[in-house]
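Would you be able to build a 3D model of this:
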Amino acid sequence: MMLNLKHIERLHQLHQRIRAENTGSPAAIAKQLCTSRRNIYFLVGKLKFYGAKIAYSRKRKTFFYLNNEFDIKMKVKIEVIREGVAKKIYGGSTFFKKNASVLTTYTEQR
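Down below sits the predicted model:
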């Protein structure tokens, strides 16, 4: 789970810096986010997948959005579950279009 949270945090930080047009070179932003250049390009690709039009200016040394209306909002909620409070933890659900089946995992406390 920590890898997922770190990934979301980096994606959010990269998005904020691209909006401000203050990323620096790919190597510089990678160093600031404690990741690799390859991962920066992966995150940029993910933003493009979400509909962002991103370019890089060699002159200004920054990534920037071509469509200023692009924005993302992220929320992460963490709750501490103390012993005896929850009897079942639902691990997730997957819905399929053709067959409306649900895949759910349970963890019960003893």
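
alpha carbons only for contacts and neighbour counts from here, please
Noted.

what about the helices in the chain?
2-19, 26-32, 37-49 (DSSP state H).

Residue 80 is nearest to which of the ones you listed?
Evaluated over these, closeness to residue 80 peaks at helix 2-19, with 15.1 Å, by CA to CA.

now for that closest one, which elements pack on it?
If you count contacts as 3 or more CA pairs under 8 Å, 6 or more residues apart in numbering; DSSP states H and E, helix 2-19 packs onto helix 37-49, strand 62-65.

Give me the nearest residue to residue 63, chain neighbours excluded.
residue 56 (4.3 Å; CA to CA, 6 or more residues apart in numbering).

tell me the contacts of the one you found?
62-64 (CA atoms under 8 Å, 6 or more residues apart in numbering).

hey, which helix or strand in the chain has the poorest pLDDT?
strand 106-108 (a mean of 44; mean pLDDT, DSSP states H and E).

which residue sits closest to residue 29, ignoring its sequence neighbours?
Nearest to residue 29 is residue 23, by CA to CA, 6+ apart, at 5.7 Å.

again with residue 26
residue 37 (5.8 Å).

surely that neighbour meets residue 25?
No - proximity of residue 37 to residue 25 does not meet the contact threshold set by CA atoms under 8 Å, at 9.5 Å.

Rebuild the contacts of residue 56 as TSV, extending it with neighbour count, pLDDT and distance to residue 71.
As requested, these are exported to TSV (neighbours: other CA atoms under 10 Å; pLDDT from 0 to 100; distance: CA to CA, whole Å):
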residue	neighbour count	pLDDT	distance to residue 71
62	20	96	18
63	25	96	15
64	22	95	12
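
And these, which is closest to residue 51?
Using CA to CA, the contacts of residue 56 come closest to residue 51 at residue 64, 13.6 Å.

For residue 26, see how far away that closest one is.
12 Å (CA to CA, to the nearest Å).

what residues are up against residue 15?
Residue 15 touches 47, 72, counting by CA under 8 Å, 6+ apart.
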